[in-house]
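# Sequence and predicted structure below; questions after.
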Amino acid sequence: MISLAVLEPGGDAATALYIVSFSLFILGLKQGTHPSTAKRGNLIAAVGMAVAVVTTLLLDGMGNWGLVAIGLAIGSAVGAYASIKVKMTEMPQMVALYNGVGGGAVALIAWSEIRHGIHIGGAMPLEDLIPTLLAAIIGSVSFWGSNIAFAKLQDLIPTRPLAVPGQQIINAVLGIGVIVLAIVIAINNDPPSQFLFILILVAAAILGNLVVLPIGGADMPVVISMLNAFTGLSAAAAGFALQNVALIVAGTLVGSSGTILTMEMATAMNRSVANILFSGFGGAPAAASGSGEQRPVTSIGAQDAAIKLAYADTVVIVPGYGLAVAQAQHAVKEMANQLESRGVTVNYAIHPVAGRMPGHMNVLLAEADVPYEQLKEMDEINPEMSRTDVAVVIGANDVTNPAAKNDPNSPIAGMPIIEVSEANEVIVIKRSLSTGFAGIDNDLFYEPNTSMLFADAKAAAGEIAAEIEQL
């Protein structure tokens, strides 16, 4: 067998290269905090990963180079093809899928470690066995949970909550069962039982499915972030088992950042993570409003909208998932350019959970070269709304619904929103009066200062831009 080993596991050279690797991870993460440097940050982190992979391949004891080469070739080809072909509207699905692949890989690594321990015989050291078990459990939950999130986002299964009778009891039994099996393996560890380990993987897989199935589409951004944190934690545990410094640090970075983001997004929805996981909220049939009678709306065309916008001093655009579906970011940017050429001040209001993944709207608008300075977070833009001439809501629904403030009985009561109803005039560009992911009617549509422009977002923005140019 050809050996390429030049580094000793745990040696100074390998450790130094791993330090270089995770230093690049940290630098890349830092660069990713601003749209103008995010692309460079992604490339820096990719270089760090390349350093970690090459270092690992050069460690003494590496073998099966044919399988390694095949795996690298297949993985690189699939990843490159998917990244090039994926539509911006499908980015959340890809994030969920890639996240799941990471969790699945960690679970397989844990299984490999258990098989290796059985092969050499004797008891596995607890400092290796415990993180291996943790990696298997968390990685399996993350893999299967991410697959369900992907299926919901891709509309392969209904986005509404799907639960079975006694859901919480079943989840509790599975969770306790996994812990008991892990303890049994740790106690009877001479050698560890592969059969019990496989039972852990199966139970964790069922638990991962059952945890995510009851979660509605409205909560998918938080779920993606949470599962991302799980994958990071499982990778860190695997790093302890393998004594791999780069894997420990990279997993910790992903786990901690994913956890912080999950908590921030839950706060932005005025809900706890436990409520998101166990309430089965989102995707329900539209809630009845008022007395049940159909409420009147004011409908306008592109020309009327153009006049309102062209003669305004300040305009705030509120993007939502409808903008992503219509791929309207470039048309909206052109509309904004026409307004700015007339001296109108244009800003964009970004809600933390707008879209279907964290930062979805920021990514879309950055793709259209919208200046970062025009992107205003919710807390920054809300005080300005009462002084805004026209607010333009494009595909955003739940995050602009005044019921969150005005109706204590609403399912989204207390959720912080973009307070567009405070603007002098509101234009909502939407195909219909259909509900958003929360499955409830949007009271904004029926406000006296709201005008509805029923159209595809991309087509409407293009028509408005053309009309403004002719004024």
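Everything's here; your move. Numbers count the residues shown, from 1 in each chain.

# per-domain residue ranges of this protein.
Residue ranges for each domain of the chain read 1-85, 91-278, 289-470, as given by automatic domain parsing.

# And those, which one averages the lowest pLDDT?
Lowest mean pLDDT within those: domain 1-85, a mean of 83.

# where does that one sit relative to the chain's centre, distance-wise?
A distance of 23 Å separates the centroid of the chain from that of domain 1-85, by Cα atoms, centre = their mean, to the nearest Å.

# Please apply the same query to stretch 140-147.
On the basis of Cα atoms, centre = their mean, stretch 140-147 sits 14 Å off its chain's mean C-alpha point.

# coming back round to it: now render the domains of the chain as a markdown table, adding mean neighbour count.
Where C-beta positions appear, they are placed from N, C-alpha and C, glycine not excepted. Listed next are the domains of the chain as a markdown table, based on neighbours: other Cβ atoms under 10 Å:
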| stretch | mean neighbour count |
| --- | --- |
| domain 1-85 | 14 |
| domain 91-278 | 20 |
| domain 289-470 | 20 |
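
# contacting residues around the residue nearest the centre of the chain?
For the chain, the residue nearest the mean C-alpha position is M357 (3.5 Å; Cα atoms, centre = their mean). With contact taken as Cβ atoms under 8 Å, 6 or more residues apart in numbering, M357 is in contact with M91, P92, V95, A96, M220, P221, I224.

# switch to 10 Å and redo it
91-96, 149, 153, 220-225, 228, 324, 363 (Cβ atoms under 10 Å, 6 or more residues apart in numbering).

# host element of M452?
Under the criterion of DSSP states H and E, M452 resides in strand 450-454.

# Name the residues that touch that strand?
297-302, 304-305, 308, 390-394, 400, 402, 420-421, 423, 425-433, 442-446, 460-461, 463-464.

# Give me the phi and psi angles of the residue lying closest to I215 once chain neighbours are set aside.
Leaving aside its sequence neighbours, I215 sits nearest to V223 (Cβ to Cβ, 6 or more residues apart in numbering; 5.5 Å). When read as degrees, to the nearest 10, the backbone of V223 gives phi -60, psi -40.

# likewise P448?
The phi and psi values for P448, taken as degrees, to the nearest 10, are phi -60, psi -20.

# can you tell me which residues contact I307?
Per Cβ under 10 Å, 6+ apart, neighbours of I307: I300, I464, E467, I468, L471.

# For the fourth one, which non-adjacent residue is closest in space?
The shortest distance from I468 to any non-neighbouring residue, by Cβ to Cβ, 6+ apart, is to Q338 (4.2 Å).

# That neighbour against E467, yeah?
Yes - between Q338 and E467 a contact is recorded at 8.9 Å, counting by Cβ atoms under 10 Å.

# Can you check which residues contact both of those two?
Applying Cβ under 10 Å, 6+ apart, one finds that Q338 and E467 are jointly contacted by A306, L309, A310.

# Now do the contacts for the last one.
In other words, A310. Q338, L339, R342, V344, V390, I464, E467, I468, E469, Q470, L471.

# separation between Q167 and M124?
Note on Q167: its distance to M124, by Cβ to Cβ, to the nearest Å, is 35 Å.

# Strands of this protein, start to end?
Secondary structure of the chain (DSSP state E): strands at 314-319, 345-350, 375-377, 390-394, 425-430, 450-454.

# What is the fifth one packed up against?
Applying 3 or more Cβ pairs under 10 Å, 6 or more residues apart in numbering; DSSP states H and E, one finds that strand 425-430 contacts helix 302-310, strand 314-319, helix 321-326, strand 390-394, strand 450-454, helix 457-470.

# neighbouring strands for it, and are they parallel or not?
The pairing partners recorded for strand 425-430 under DSSP bridges are strand 390-394 (parallel), strand 450-454 (parallel).

# what do you get for the third one?
Here strand 375-377 is paired, per DSSP bridges, with strand 345-350 (parallel).

# then the strand it pairs with to PDB, C-alphas only?
Extracted C-alpha coordinates of strand 345-350, given in PDB (Å, rounded to 0.1, in the frame of the first residue of the first chain):
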ATOM      1  CA  THR A 345     -34.600  58.600   0.100                       C
ATOM      2  CA  VAL A 346     -34.900  54.800  -0.100                       C
ATOM      3  CA  ASN A 347     -34.200  52.300   2.700                       C
ATOM      4  CA  TYR A 348     -34.900  48.600   3.200                       C
ATOM      5  CA  ALA A 349     -36.500  47.300   6.500                       C
ATOM      6  CA  ILE A 350     -35.100  43.800   7.300                       C
END
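
# got JSON lines for the strands paired with strand 425-430, with distance to I276 too?
Shown next, in JSON lines, are those (distance: least, Cβ to Cβ, whole Å):
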{"stretch": "strand 390-394", "distance to I276": "25"}
{"stretch": "strand 450-454", "distance to I276": "29"}
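
# and of the ones you listed, who's closest to I248?
Closest approach to I248 among these (Cβ to Cβ): strand 390-394, 43.2 Å.

# Report the angle between the closest one and strand 314-319.
10 degrees (axes from the mean of the first three to the mean of the last three Cα atoms, to 10 degrees).

# How far does strand 390-394 sit from its chain's centre?
What separates the centre of strand 390-394 from the centre of its chain is 25 Å, taken as Cα atoms, centre = their mean.

# for stretch 196-209, same thing?
24 Å.

# Please report the distance of N397 from G61.
Taken as Cβ to Cβ, the span from N397 to G61 is 55 Å.

# let me fix that: G395
Per Cβ to Cβ, G395 is found 53 Å from G61.

# Redo the strands of the chain as CSV? Include distance to L174.
Below are these laid out as CSV (distance: least, Cβ to Cβ, whole Å):
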stretch, distance to L174
strand 314-319, 39
strand 345-350, 38
strand 375-377, 39
strand 390-394, 42
strand 425-430, 41
strand 450-454, 47
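
# ok, Q338 to A326 distance?
Q338 sits 18 Å away from A326, going by Cβ to Cβ.

# got it, and T259?
Separation of T259 from A326 (Cβ to Cβ) stands at 33 Å.

# Repeat that for P371.
P371 is 22 Å from A326, where distance means Cβ to Cβ.

# P158 now?
23 Å.

# and what of G139?
37 Å.

# for L24, same thing?
Using Cβ to Cβ, L24 is found at 37 Å from A326.

# Next, the distance between the ends of stretch 363-376.
Counting by Cα to Cα, to the nearest Å, you get 14 Å between the two ends of stretch 363-376.

# residues making contact with that stretch?
With Cβ under 10 Å, 6+ apart, stretch 363-376 has contacts from 34-36, 38-39, 88-89, 91, 316-317, 319, 321, 323-324, 327-334, 336, 340, 345-350, 354-355, 357, 359, 361-362, 381-382, 384, 418.
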